[in-house]
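In: Below: sequence and its predicted model.
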Amino acid sequence: MDDFRKDAALKGPDPAPQNGQPDGARARPRSRDDDIDAYLVELGQRVRSMRAVRGMSRKVLAQESGVSERYIAQLESGLGNVSIMLLRRVADATGAPLEDLVAEPARQPPDWQLIRELLRKAPAETISDVKALLSGQPAEHARGAAPRIEVDRVALIGLRGAGKSTLGRLAAEKLGWRFVELNKEIEKEAGFSVTEVFSIYGHDGYRRYEQAALERIIAEPGAVIVATGGGIVSDPVTFERLLGSFFTVWIKASPGEHMGRVRKQGDLRPMGADKAAMSELITILRSREPLYARARVAIDTSGATIDQSLLTLLRTIQSYCVSGCPWQSRNR
């Protein structure tokens, strides 16, 4: 029996009801066991959300972490090892944030603790200024103002199977612009297929290649449409860079259409061997929706033909062109 359970046992049962009130008639003080249970439930929810945003099934997470799939399932259901609560109590007693106990100082930037505390206490306007400065955005991007982005620099975001590559390629042909598929650029950067990059370097390695490839595309001048990978939103720095450098369009579709299109492509990564593939896909989609929603505009391709979706995308680009789009005069 761990320290927490011992403490609870020593306390004994709750006091008997007073004033003739039946059990449950008055509020029961929150016990330490309640606190443990609530924290572990929240911890499990955070783990599930982080896994979903990264597009990882439990099986993939188990393989990459070396932690059993059974334990991950228990953790996500709020039944994780209560040893984490011991660290939380030590942190509370010392007045230090829990992350300071588990962080590796050598991997933190100098003065990180001071910087973190200053950011926690800073007003929203200062946070916006700092984000703009650190992400290399122009001054006008500070204080929450949306940066001015040329509409001939378009990035398509969304889950796999939404139609980003197909629509991006067709729209680029129509506009006479360059089309770039970010995953193809990652393969050029790494010298391996995307599947091999994940297998050899894991998700972290893939994200590093993704960030490098994106920076190269940003540095190249000219009109372009970029089809990104569905998980680009899971890296805050890379995603912020994307939002600040391109006119972003969220290409949406229903979960059923996502799954159907992905099956036709023969690519179920990372859910291929999962019996609960549809459930996992829905979880991933729901977890990423708030991030995808940061795009300038959204286009729903559910129930639409490719031609219909293409026309919607072209009209969307046209509506944001302040000086006219090059394809307008050619298609009147």
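Out: Perfect, I can see it now.

In: For the closest residue to residue 156 other than its chain neighbours, give me its contacts.
Out: Leaving aside its sequence neighbours, residue 156 sits nearest to residue 164 (CB to CB, 6 or more residues apart in numbering; 4.2 Å). Quick note: C-beta positions are derived from backbone N, CA and C, even for glycine. By CB atoms under 8 Å, 6 or more residues apart in numbering, residue 164 lies in contact with 156, 157, 158, 227, 228, 251.

In: What residues of the helix or strand hosting residue 50 count as buried?
Out: Residue 50 is part of helix 32-53, with elements assigned from DSSP states H and E. Burial within helix 32-53, assessed by neighbour count using 16 or more other CB atoms under 10 Å, is assigned to 36, 39, 40, 43, 44, 48, 51, 52, 53.

In: Kindly reformat those as JSON lines containing pLDDT and distance to residue 307.
Out: Listed next are the buried residues of helix 32-53 as JSON lines, based on pLDDT from 0 to 100; distance: CB to CB, whole Å:
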{"residue": "36", "pLDDT": "76", "distance to residue 307": "57"}
{"residue": "39", "pLDDT": "84", "distance to residue 307": "52"}
{"residue": "40", "pLDDT": "86", "distance to residue 307": "51"}
{"residue": "43", "pLDDT": "87", "distance to residue 307": "47"}
{"residue": "44", "pLDDT": "89", "distance to residue 307": "45"}
{"residue": "48", "pLDDT": "89", "distance to residue 307": "38"}
{"residue": "51", "pLDDT": "89", "distance to residue 307": "37"}
{"residue": "52", "pLDDT": "88", "distance to residue 307": "33"}
{"residue": "53", "pLDDT": "87", "distance to residue 307": "32"}
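
In: Mind picking the two most distant members of the residues you listed?
Out: Greatest spacing in these, by CB to CB: 36 and 53 (26.2 Å).

In: Give me the distance between stretch 303-318 and the centre of its chain.
Out: 26 Å (CA atoms, centre = their mean, to the nearest Å).

In: do the same with stretch 230-244
Out: Put simply, stretch 230-244 sits 8 Å off its chain's centre (CA atoms, centre = their mean).
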